[in-house]
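Asker: Structure for this input, please:
(2 chains)
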Amino acid sequence: MATHELQLPLSEDQVRALRSGDQVFLSGTLVSGRDVAHKYLVEQRPDDLRELLRGTFIYHLGPILRRVPVTAEAPIGWQVVAAGPTTSVREEPYQADVIREYRLAGAIGKGGMGPKTLKALQECGAVYLHAPGGCATVLARAIRRVLEVYRLEEFGSPEAFWVLEVERFPAVVTMDSAGGSLHRLVLEESEGRLKALIP
Amino acid sequence: MKPERLQEGLRELIRQASVSLPPDVEIALTQARAREGREGARGVLDTICENISEARRLASPICQDTGFPTFWFRFPAGTSLRMLRSAAEEALAAVTAEGLLRPNAVDPVSGSNSGSNVGAGAPALYFEEHDGDGLEADLLLKGGGSENVGSQCRLPDASIRAGRDLEGVRRAVLRAIHEAQGFGCAPGIIGVAIGGDRAGSMALAKRQLLRPVGRRAEDPALAALEDTLLEQANTLGIGAMGFGGDTTVLGVHVGKGHRHPASFFVSVAYGCWALRRKRLALSPDGSFRIQEVA
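Answerer: This is a model prediction of the structure:
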């Protein structure tokens, strides 16, 4: 298991070098997006987000933010208070198309995703990164600034696209572009154990 | 009872619940970290323990998902329930504005977020009259991901060879924990209700999450079932956040309610590891304390 310091955006070659089990620290710009955002990206195909999403990660996140005066540290007057991942599997119907259409390096979330996403990761050269669920205060420390927000009025704060500048954001690769998935392994192993417990 | 003092107490209850994990849950997580044999899960548990201390130190929310706030009120005869409801609503709106709660009340038709955690049926409120002359309010906050992996089934269930007995209940609960995998932020605390009607059974399951981790059910048959379920669930190997590991659940709490002869419900409420609960104790003179739920 390797450790990678990564500056966003990433090239396809950089992403294809990542393997399930690797630790990564991300620096640069990533974008939050969860249930409403994924449905919207697939059904509406907005063009104003393409440049932003290319080569970076969509973070399955509905943060808590605070209104603050506009400064260099808070260029649009928002500060992140708490920012851990939400359960990713709800985006399983959409994630493959979103990765393909917007040329993402992948997604960040918790709990892992299913076979449709795993296949898209292989095809497109993308990865799924797992951030520790519930660890909102620790993860908020890695978010330096809120640079921009899209669809705040329409979607509400938890569902908006928040453009976040991060520094050494910690995550673990749990699904890679070679078909490796920690989540599939754990599911298979635990299925065997369940059968032994309730024969 | 002075509404202003109640509101002030409720605001403090919500703040402390959001930022400070109960000690019984924290100890269970620390113990899970100490005995974890797998590296990946150990790393996750390290971050979880660090996050708990940091949130408390900075008075910052443990998790950005502050859940669907659920209150259990106990009050003396003659208390106005309408007053309790409006105090809870106003306190939630105020603490949401402070940035310690995420606005989590969404109209399912229009999709609009009320912005205040208040809406139709939100927050969830349970009322019970008691003999004391003061008021108590227990608050539970847990993530929506964990709420989503809760479940309800009815026995018999041939697909898992579960009959209408405690062995059937054991089978149903283990299946539910397995299906939840790491999606509900494992290691979870599992609230189980046996019996009741559909709605009451689910509510009773959730109420089991108020019981401190490690305290067994009073009914010896249920206490034995809890021990068995805890031990067996932790052989599933799902581990913290589903990374594979030795601790999949921190506790299993089983409660029961009388059932209709035709019905035998088994309801499972999954509590994420970030199981936030606190109690407000308000005296008739208006003084209050925030305590652990015990």
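
Asker: need the contact list for the residue of chain B found nearest chain A.
Answerer: The nearest approach of chain B to chain A comes at B:Asn113, 3.3 Å away (CB to the nearest CB). The way it works is simple: take the backbone N, C-alpha and C, and place the C-beta from them, glycine included. B:Asn113 is in contact with A:Gly156, A:Ser157, A:Pro158, A:Glu159, B:Pro103, B:Asn104, B:Ala105, B:Val106, B:Asp107, counting by CB atoms under 8 Å, 6 or more residues apart in numbering or on different chains.

Asker: give me the beta-bridge partners of it?
Answerer: The partner list for B:Asn113 in beta bridges (DSSP bridges) reads B:Val106.

Asker: biggest strand in chain A, by residue count?
Answerer: strand A:161-175 (DSSP state E).

Asker: The helix or strand following it close to chain B?
Answerer: Next along the chain after strand A:161-175, taking DSSP states H and E as the criterion, comes helix A:182-197. Yes: using CB under 8 Å from any CB of the partner chain, helix A:182-197 reaches chain B at A:Leu182, A:His183, A:Leu185, A:Val186, A:Leu187, A:Glu189, A:Ser190, A:Glu191, A:Arg193, A:Leu194, A:Leu197.

Asker: swap in stretch A:109-121?
Answerer: Yes: Stretch A:109-121 lies within reach of chain B by CB under 8 Å from any CB, at A:Lys110, A:Gly111, A:Gly112.

Asker: now stretch A:76-94
Answerer: Yes: using CB under 8 Å from any CB, stretch A:76-94 comes into contact with chain B via A:Val81, A:Ala82, A:Ala83, A:Gly84, A:Thr86, A:Thr87, A:Val89, A:Arg90.

Asker: Could you check how many residues crowd around the first one?
Answerer: Right, the one you point to is A:Val81. Using other CB atoms under 10 Å in any protein chain shown, A:Val81 has 21 other residues around it.

Asker: And the last one, by the same measure?
Answerer: When neighbours are defined as other CB under 10 Å, A:Arg90 has 20 of them.

Asker: quick one, phi psi at it?
Answerer: phi -60, psi -20 (degrees, to the nearest 10).

Asker: Surely it is in contact with A:Asp35?
Answerer: Yes: A:Arg90 is in contact with A:Asp35 according to CB atoms under 8 Å; the separation is 5.8 Å.

Asker: Pretty sure A:Glu148 sits against A:Leu164.
Answerer: No: checked against CB under 8 Å, the pair A:Glu148 and A:Leu164 is beyond contact range at 9.2 Å.

Asker: who's more crowded, the two?
Answerer: Between A:Glu148 and A:Leu164, counting by other CB under 10 Å, A:Leu164 is the more crowded of the two (24 against 16).

Asker: Could you report the pLDDT at that one?
Answerer: pLDDT for A:Leu164: 98.

Asker: Is it in contact with A:Ser32, as I believe?
Answerer: Yes: with contacts counted by CB under 8 Å, A:Leu164 reaches A:Ser32, the gap being 6.5 Å.

Asker: any common contacting residues for the two?
Answerer: Shared contacts of A:Leu164 and A:Ser32, defined by CB under 8 Å, 6+ apart, are found at A:Tyr59.

Asker: Using CSV, lay out the residues of stretch A:109-121 next to chain B together with distance to B:Ile189, secondary structure and neighbour count.
Answerer: What follows is the residues of stretch A:109-121 next to chain B, written out as CSV (distance: CB to CB, whole Å; DSSP: H, G, I helix; E, B strand; the rest coil; neighbours: other CB atoms under 10 Å in any protein chain shown):
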residue, distance to B:Ile189, secondary structure, neighbour count
A:Lys110, 18, strand, 30
A:Gly111, 17, coil, 26
A:Gly112, 21, coil, 27
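
Asker: Columns pLDDT on top of these, output as JSON lines?
Answerer: Formatted as JSON lines, these follow (pLDDT from 0 to 100):
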{"residue": "A:Lys110", "pLDDT": "97"}
{"residue": "A:Gly111", "pLDDT": "95"}
{"residue": "A:Gly112", "pLDDT": "96"}
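
Asker: wait, what's in contact with the nearest residue to B:Asp131 once chain neighbours are set aside?
Answerer: What sits nearest to B:Asp131 in space, not counting adjacent residues and going by CB to CB, 6 or more residues apart in numbering or on different chains, is B:Pro76, at 7.8 Å. Contacts for B:Pro76 were tallied using CB under 8 Å, 6+ apart; they are B:Glu129, B:His130, B:Asp131, B:Gly132, B:Asp133, B:Gly134, B:Leu135.

Asker: hang on, the fourth one is in a helix, isn't it?
Answerer: No: per DSSP: H, G, I helix; E, B strand; the rest coil, B:Gly132 lies outside any helix segment and is coil.

Asker: For it, give its distance to B:Val293.
Answerer: Applying CB to CB, to the nearest Å, the value for B:Gly132 to B:Val293 is 16 Å.

Asker: Likewise for the fifth one?
Answerer: Taking CB to CB as the measure, B:Asp133 falls 20 Å from B:Val293.
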